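K.L.:
Predicted model, plus sequence, below.
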Amino acid sequence: MSTDPHAAPDVAFRPPWLLRHPQIQSILATKSPRRRRWLARDGRMEAACQPLLLDAGDGVRLAAYWSPQAPAAPPRGRVVLIHGWEGSHASSYLYSMACTVYAAGFDVLRLNLRDHGGTHHLNREFFHSARIAEVLGAIAAAPVRAADAPLYVIGFSLGGNFSLRVGLHGPAAGVHPRLAIGISPAINPRATMQAIDDGPTLFRWYFTGKWRKTVQAKKAAWPELEVAHLLGERSLVAITRHFAERHTEYGALDPYFAAYTLDAAQLYASPTPLAIITAADDPVIPVADFAGLRAQGALRAFDLTRYGGHCGFFDAIAGATWAERRVLQLLDAPR
């Protein structure tokens, strides 16, 4: 169901019953062969792609992949895409969205957060989820083909949280998106971590396994780092508690979570228009996190679908997902 009063009549997401299970939707988001299919049928975004190393300020460097439209084709705008935790510029869900918006005429920047996409060696300190300043710095340092081309920011899961915070904090840092969209955004990190710990074993193994690989890669790049305390726990909440105490400026779990928790009052009062797309059956992001939210104030669109899983929204195995088509509607909507 959508609570966006400006939505098109067919905005409701109705996948066939074979695709409705939330774990199927969530697995397809990361494991479907969408990247290979895009390369087979329309490789223009990849052909235009240029790797970048962006100066994000304070000595921080973030990697990105920039795909501008052909020189003879003025872009309809610039789209910055931000992956989820332990994802990257090449994640299936992000790559497919990038190709979709590129095919629609937008320049595309796929930004890697610190320590993602094989960039553990670029910055000594660990990534953490409150590092919004460097994301804003990287966006400000990214190429701009046309000064009047509007900026849009789209993020998934934790990247959806970052995207919404770019909308909240960007104008004060000189970054002015026309719209910031969070897809399955983790707006309540404590609830998200607990949902992963309490949810299907498959998801807990997936996230804790990827986290251990990140810690090991960080240790390989920076041998002097002490990381043994991060590898012994099986619970994400316990791992994050140790991490917050030893590797963030917050010193404890509660203030760390508070630094990137988003509530309705913040979203409604944002200086930037915002949009949220999420699913009631998401096994990672509890639907209770969105209780009471509606399209109001700066939150121009709030789409809460019955199905979709985590960053899925597949109504067919091939072709654009419902979320990709919905994003194009939002980018085209009058402001």
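P.N.:
Structure received.

K.L.:
Quick check: which ranges of the stretch 201-335 of the chain have low pLDDT?
P.N.:
Low-confidence segments of the stretch 201-335 of the chain, defined by pLDDT under 70: 335.

K.L.:
All the strands of it, in order from the start?
P.N.:
274-279, 299-305 (DSSP state E, counting those that start in this stretch).

K.L.:
Looking at these, which is nearest to residue 180?
P.N.:
Closest of those to residue 180 is strand 274-279, at 5.4 Å (criterion: Cβ to Cβ). Using the backbone N, CA and C atoms, a C-beta is placed for each residue, glycine as well.

K.L.:
what angle do that closest one and strand 299-305 make?
P.N.:
Orientation check (axes from the mean of the first three to the mean of the last three Cα atoms, to 10 degrees): strand 274-279 against strand 299-305 gives 0 degrees.

K.L.:
other SSEs contacting strand 274-279?
P.N.:
When contacts are defined as 3 or more Cβ pairs under 8 Å, 6 or more residues apart in numbering; DSSP states H and E, strand 274-279 packs onto helix 158-169, strand 177-183, strand 299-305, helix 322-332.

K.L.:
out of the ones you listed, nearest to residue 85?
P.N.:
helix 158-169 (4.2 Å).

K.L.:
CA atoms only for the closest one, dumped as CSV, please.
P.N.:
Output of helix 158-169 as CSV, limited to C-alpha atoms (Å, rounded to 0.1, in the frame of the first residue of the first chain):
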residue,chain,number,x,y,z
LEU,A,158,22.0,1.3,5.8
GLY,A,159,22.7,3.3,2.6
GLY,A,160,19.0,4.4,2.8
ASN,A,161,19.7,5.8,6.2
PHE,A,162,22.8,7.6,4.8
SER,A,163,20.7,8.9,1.9
LEU,A,164,18.0,10.3,4.2
ARG,A,165,20.8,12.0,6.3
VAL,A,166,22.3,13.5,3.2
GLY,A,167,18.9,15.1,2.8
LEU,A,168,18.8,16.2,6.4
HIS,A,169,22.4,17.5,6.7
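
K.L.:
check contacts around the closest residue to residue 243 other than its chain neighbours.
P.N.:
Ranked by Cβ to Cβ, 6 or more residues apart in numbering and with sequence neighbours excluded, the top spatial neighbour of residue 243 is residue 230, at 6.1 Å. Shown in contact with residue 230 (Cβ atoms under 8 Å, 6 or more residues apart in numbering): 211, 215, 239, 242-243.

K.L.:
For residue 43, which of the strands of the stretch 201-335 of the chain is the nearest?
P.N.:
Residue 43 sits nearest to strand 274-279 of all these, at 26.9 Å, using Cβ to Cβ.

K.L.:
Residues in contact with the closest one: which ones?
P.N.:
4, 13, 22, 25, 160, 164, 167, 179-185, 267, 285, 287, 290, 293, 298-310, 312-313, 323, 326-327, 330.

K.L.:
what do you get if the cut-off is 7 Å, keeping everything else the same?
P.N.:
Applying Cβ atoms under 7 Å, 6 or more residues apart in numbering, the contact partners of strand 274-279 are 164, 167, 179-185, 267, 285, 290, 298-305, 307-309, 323, 326, 330.

K.L.:
what sits against residue 150?
P.N.:
77, 178.

K.L.:
quick one, phi psi at it?
P.N.:
phi -70, psi 150 (degrees, to the nearest 10).

K.L.:
Distance check, it against residue 107.
P.N.:
Taking Cβ to Cβ, to the nearest Å as the measure, residue 150 falls 11 Å from residue 107.

K.L.:
and the gap between residue 45 and residue 69?
P.N.:
10 Å.

K.L.:
now swap in residue 237 and tell me
P.N.:
Using Cβ to Cβ, we find residue 237 at a distance of 44 Å from residue 69.

K.L.:
The two: which is more packed in?
P.N.:
residue 69 (20 against 15; other Cβ atoms under 10 Å).

K.L.:
shouldn't that one be in contact with residue 108?
P.N.:
No - using Cβ atoms under 7 Å, residue 69 is not in contact with residue 108; the gap is 8.9 Å.
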